[in-house]
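Engineer: One predicted model, sequence on top.
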2 protein chains.
Amino acid sequence: MKSVRVFAPASVGNIGPGFDVLGMALAGMGDTVLATRRSEPGVSIIEITGDRGRLSYKADENTAGISAQTVLDHLGCREGISLTLHKGVPGTGLGSSAASAVAAAYAVNLLFGEKLSKAELVPLAAVAESQVSRGFFLDNIGPSMMGGVTWNNPFTKEVVSLGRLEKAIVIVAIPDFPLLTKESRRVLPGMIPMEHFISNMAYASMMAWAVAKKDVTRFGRSIQDRVAEAARAPLIKGFEDVKKAALSAGALGCSISGAGASIFAVSDDPKKAEKIGKAMEKAFQGHQVVAEIRNTQMDRLGARMIK
Amino acid sequence: MKSVRVFAPASVGNIGPGFDVLGMALAGMGDTVLATRRSEPGVSIIEITGDRGRLSYKADENTAGISAQTVLDHLGCREGISLTLHKGVPGTGLGSSAASAVAAAYAVNLLFGEKLSKAELVPLAAVAESQVSRGFFLDNIGPSMMGGVTWNNPFTKEVVSLGRLEKAIVIVAIPDFPLLTKESRRVLPGMIPMEHFISNMAYASMMAWAVAKKDVTRFGRSIQDRVAEAARAPLIKGFEDVKKAALSAGALGCSISGAGASIFAVSDDPKKAEKIGKAMEKAFQGHQVVAEIRNTQMDRLGARMIK
C-alpha cells in the first residue's frame, strides 16, 4: 500500500460530568487525511483544505504532522510520508485537533504494516494534542480513534471503549466565535467543593453504566456538570439561555462540549431533536450569536480507512 | 400475615472511589428482624441479640425502631408492631445500622399489604440512618435493600441497582476496635484537589461500567480512592500495612469499607482470597490488632423474608 485515505470523527469531550475522562464520537463530521509513503524520512504537509487558511503547513506545528511523525518514530521507519488534510470538524470544542492527530496516526500505522492496535495508537496520537494544548488529554483522542463512548484514565493513559448508544441523538450548536482551549482551562478551579465532586462522580458513574446498558434516557439525564461548566459558562456568550432552551424543548441533558464554545444536547426522539436544535439556535440569536446546528448520532467506528 | 421474619445483608459503602454513591451488599452476614403486628399503635422492641448489650431498646433510638415507625407513618397505619432484632453484622463500617433499618422497613411493608417497592422503601429506611448519624446516606441502605451493587444520587435520593458480580470474592478484615461514623466524617476534607476529583470520578465510572459488564478484574482494579481513604486511614491502626499486604497477596483492590474501621479487598480467585485474608490478618497482628477475617461474595437479593 502506497497511499491511504483515513477519516476520524469529531467528538464531545467530558460529556458533561466526566471531565477529562469521558468522551463520545460524533457521526458525520470529522477530518480526512490522505497519507502517501515516500522514500525521504519525515512528514510533509502538501495541502490543507476546510480550515479557512488557519492551520500551519509546518509538520511540527500541526497535530496531523506531529502525530504522523510520532508514529513513524515509534515504528522506527526510515521512510516518510506526505499528507493532505481536509478539516471537517466545525467550530471549537468538538475535538478538531484530536481528529487530525487520530487520522494521521491511524493512516501511518496502516501504511507501515498495521503493527499497532487502536489502543496503542491513542497515546501516540495524544502526543500531538499535548504539544499543541500543553496537557495530555485523551477524552477527544479516545472516541475519535475508537468511536462510540470512551473512558480514559488521565493518570495511567489507559483507554477503554464503553460502547455506543445507537438511539441517542446528539444536537450540537456551534457558535461563530472561537474559544481557545488554553483560556478554557485557565478558568478551571484547582479545588472542588466536596459536594460538587460527589455530584459529578455520581453522574459520570451513571453515564458509564447507562452506556453499557444502552439506556439513552439515563445517559442523557446524567449530563450534569458542577465542576467545569460553571467555570466555563461565562466564556460562552448566551450559554445559560441556550441550555435552558434545549431543556425546555425536551432535551434529556445539555452542557458544554469539551472546552467549548460548542454546546451539545442529547435526545432520544428525532422530532424533539429538531425542536431542540431550533430552540438552541434561537437562544443564541437572542445574544446576537449566529450558531450552526447539527443533529447527529454517535459515530460507530472511530478512525477508519475510506475510499 | 401477623408476623414476619426479614433478613437484610451487611454492606460496603463507597466501594473505594464512589464516596456516598456506590455500595455493595455482602452475603452471609446481616441483621434479622422478627416483626409482629399488634393493635396498639407505635413500635416496641422486645428483644435484641447479637449486639453485646450495646443497642437501645427505645424505638426512637434504634435504627430498626425509627425505620419501622417511619414506614408505619408513611402507610398511615393505625396499628403498631413489636420487633425482635438479631444483629449479625460484625464490626464497624459494614452498614450495621443500615441493615437494621432496612430489615425493619421491609418487614413493616410486608405486614401491611406490601404497598411499597424496594426503591420506595429506601428513602424511608434512610430516615433512621440520618437520625443516628446526622446525614442522609444511601450507600449502605441501597445495597442492603436491593442486593448486589447499587448507585445512588445523594442529592435527588434516587437509587439504582447496578447488578451483581457473581464471581467477585470480597475479603473483609474486621478489627476489634470501634470507629464512630461521626468521627470518620469529621476528618473528611471540604475541598478536593482537581486531580483527586478526576481520579475518583474515573475509577467510580469504570467500576459502575464493570458491574454492568460483569468484569470482576476491572471492578476490583477500580478500587482506588484518593478522597476519603487518605483522610480516614490515620483513624485505622495498621491500615496502610493491611492494604499493602492484601495487594501483595494478589488482591485486585483494597480500601476502607464505608466509614471504617473494617477493610475490604476484592479477588476473582478463591485460593488467592484465602491467602489475602491471612495476609490482612497478619498485618493487623503486626499492629497488635486482632482482626476477624471473612471471605464472602456479593449478596444477591438484599432484604428478604426468611423462615
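Structural biologist: Yep, that arrived. Since the model is a prediction, treat every value here as computed from it, not as a measurement.

Engineer: where does A:I45 land in three-state SS?
Structural biologist: Under DSSP: H, G, I helix; E, B strand; the rest coil, A:I45 falls in the strand class.

Engineer: Check the one 3 residues further on too.
Structural biologist: Three-state assignment for A:I48 (three-state DSSP): strand.

Engineer: Surely it is in contact with A:L55?
Structural biologist: Yes - the pair A:I48 / A:L55 is scored as a contact, 5.3 Å apart, by Cβ atoms under 8 Å. For every residue, glycine as well, the C-beta is placed using N, CA and C.

Engineer: joint contacts of these two?
Structural biologist: A:N62, A:L85, A:K87 (Cβ atoms under 8 Å, 6 or more residues apart in numbering or on different chains).

Engineer: Tell me the buried residues in the helix or strand of chain A with the lowest mean pLDDT?
Structural biologist: Lowest by mean pLDDT, DSSP states H and E among the helices and strands of chain A is helix A:181-186, with a mean of 81. Of all the residues in helix A:181-186, those buried under the rule 16 or more other Cβ atoms under 10 Å in any protein chain shown are A:T181, A:S184, A:R185.

Engineer: My guess is the second one contacts A:S262. True?
Structural biologist: No - under the criterion of Cβ under 8 Å, A:S184 makes no contact with A:S262, lying 11.4 Å away.

Engineer: Can you lay out the buried residues of helix A:181-186 as JSON lines showing distance to chain B?
Structural biologist: Shown next, in JSON lines, are the buried residues of helix A:181-186 (distance: Cβ to the nearest Cβ, whole Å):
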{"residue": "A:T181", "distance to chain B": "16"}
{"residue": "A:S184", "distance to chain B": "14"}
{"residue": "A:R185", "distance to chain B": "11"}
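
Engineer: wait, which of the residues you listed is closest to A:L301?
Structural biologist: A:T181 (25.7 Å; Cβ to Cβ).

Engineer: burial of A:Q288, as a residue count?
Structural biologist: 8 (other Cβ atoms under 10 Å in any protein chain shown).

Engineer: if I look at it, how far off is chain B?
Structural biologist: 34 Å (Cβ to the nearest Cβ, to the nearest Å).

Engineer: so what's the backbone phi/psi at that residue?
Structural biologist: phi 60, psi 30 (degrees, to the nearest 10).

Engineer: same deal with A:A279?
Structural biologist: Torsion angles, degrees, to the nearest 10, at A:A279: phi -60, psi -40.

Engineer: Pull the number of nearby residues for it.
Structural biologist: Neighbours around A:A279, by other Cβ under 10 Å: 24.

Engineer: and the stretch 201-307 of chain A, which residues reach chain B?
Structural biologist: A:201-209, A:211-213, A:218, A:227 (Cβ under 8 Å from any Cβ of the partner chain).

Engineer: Among those, which are located in strands?
Structural biologist: Assigned to strands by DSSP state E, none of those qualify.

Engineer: now the residues you listed as TSV including neighbour count?
Structural biologist: Shown next, in TSV, are these (neighbours: other Cβ atoms under 10 Å in any protein chain shown):
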residue	neighbour count
A:M201	30
A:A202	29
A:Y203	27
A:A204	31
A:S205	32
A:M206	27
A:M207	31
A:A208	33
A:W209	27
A:V211	31
A:A212	20
A:K213	17
A:R218	17
A:V227	27
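
Engineer: Which member of those residues is positioned nearest A:R164?
Structural biologist: The closest of those, once distances to A:R164 are taken by Cβ to Cβ, is A:V211, at 7.6 Å.

Engineer: what's the pLDDT at the closest one?
Structural biologist: At A:V211, the predicted lDDT confidence score is 98.

Engineer: count of residues packed around A:I171?
Structural biologist: 27.

Engineer: In a helix, it, correct?
Structural biologist: No - going by three-state DSSP, the assignment for A:I171 is strand, not a helix.

Engineer: pretty sure A:P193 is touching B:G190, no?
Structural biologist: Yes - with contact defined as Cβ under 8 Å, A:P193 counts as touching B:G190 (6.9 Å).

Engineer: More neighbours: which of those two?
Structural biologist: Neighbours per residue (other Cβ under 10 Å) separate A:P193 from B:G190, with A:P193 holding more: 16 against 8.

Engineer: Apart from its neighbours in sequence, what residue is nearest that one?
Structural biologist: B:M191 (6.0 Å; Cβ to Cβ, 6 or more residues apart in numbering or on different chains).

Engineer: The one you found - how many residues pack around it?
Structural biologist: Applying other Cβ under 10 Å, we find 14 residues neighbouring B:M191.

Engineer: thought it was touching A:I192?
Structural biologist: Yes - applying Cβ under 8 Å as the test, B:M191 and A:I192 come out as touching, 6.7 Å apart.

Engineer: For chain B, what's the nearest residue on chain A?
Structural biologist: A:A212 (3.5 Å; Cβ to the nearest Cβ).

Engineer: element containing the nearest residue to A:E274 once chain neighbours are set aside?
Structural biologist: Of all residues not flanking A:E274 in the chain, A:N295 sits nearest, at 6.9 Å (Cβ to Cβ, 6+ apart). Secondary structure from DSSP states H and E places A:N295 in strand A:291-297.

Engineer: and that strand, average pLDDT?
Structural biologist: 97.
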